[in-house]
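Peer 1: Build me a structure from this.
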Amino acid sequence: MEIPSRVCGAQPRVMKKTQITQFLQSFVAIPLFAVTMPLTGGATTTPMIPEFANISSAIVTPLITPEEEAIRAKQAKAIDDFLKERKSPLAGYGSKFVEEAYKNGIDYRLLVAIAGRETTFYRDGSECKNPKGKNNPFGFGSCKIGFKSIDEAIEVVSKKLGGNDENLKHYKIDMTSEQILKKYNPDHIVPGYSKQVVKIMKLIDDSQEIA
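Peer 2: Next up, the predicted model:
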């Protein structure tokens, strides 16, 4: 194939097939190379895919490991199975109990056991009799405090018992379950209360110590 040159009257020259191929490839290679490598002394070429420019190279660490997630799922199932056996309407809230327990640093069995002691796991006819105590399976506030939903009750009471409510000073962060229970319902008011709740906690899962 002949490609005539018209620059300064130069004579036509013959290009071999391999030279033609290299010549054509250069038109493909140069633009692609320019996307990633700016020319010295020149302006940086705008990337062909601009959305890649804002991708951070930082590695996002998951909040919990797969092993921890598996443990929490097992604990939630233990709660739900326990409550189903007792025909409790709280069955199905296992994941919520576990989530709020970890968030607030309390034993995941604690609120379930309190509900068992206070309202017989919130079975029909065993809820707070006070109309102000709606959605309160835990008898919290002597059944004078109500909540919009069971989810809210679990969230609020977990936060308070975990010492994460600045307006409730007698619960402290890192208190043991027994210490929390003795504040929740002192033994001198209800003899044996803390032991009764701890016993229920062990019925839910006796494979680990009470936190």
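
Peer 1: For whichever helix or strand Gln196 is part of, buried residues please.
Peer 2: Secondary structure from DSSP states H and E places Gln196 in helix 193-204. Within helix 193-204, the residues scored as buried using 16 or more other Cβ atoms under 10 Å are Tyr193, Ser194, Val197, Val198, Ile200, Met201, Ile204. Heads up, the C-betas are built off the backbone N, CA and C, glycines and all.

Peer 1: Off-centre distance for it?
Peer 2: Relative to its chain's centre, helix 193-204 lies at 28 Å (Cα atoms, centre = their mean, to the nearest Å).

Peer 1: likewise stretch 79-88?
Peer 2: With Cα atoms, centre = their mean, you get 24 Å for stretch 79-88.

Peer 1: And stretch 64-81, by the same measure?
Peer 2: Taking Cα atoms, centre = their mean, one finds the center of stretch 64-81 at 12 Å from the center of the full chain.

Peer 1: thinking again about what came up before, what mean pLDDT does the helix holding Gln196 have?
Peer 2: Helix 193-204 comes out with an average pLDDT of 96.

Peer 1: Show me what that helix is packed against.
Peer 2: In terms of contacts (3 or more Cβ pairs under 8 Å, 6 or more residues apart in numbering; DSSP states H and E), helix 193-204 is packed against helix 66-85, helix 110-119, helix 177-184.

Peer 1: so where is this protein shaky, pLDDT-wise?
Peer 2: Scanning the chain for pLDDT under 70 picks out 1-62.

Peer 1: Spatially central residue in it, please.
Peer 2: Among the residues of the chain, the one closest to the centroid is Leu63, at 6.3 Å (Cα atoms, centre = their mean).

Peer 1: Which strand or helix spans it?
Peer 2: Per DSSP H and E: Leu63 is located in neither a helix nor a strand.
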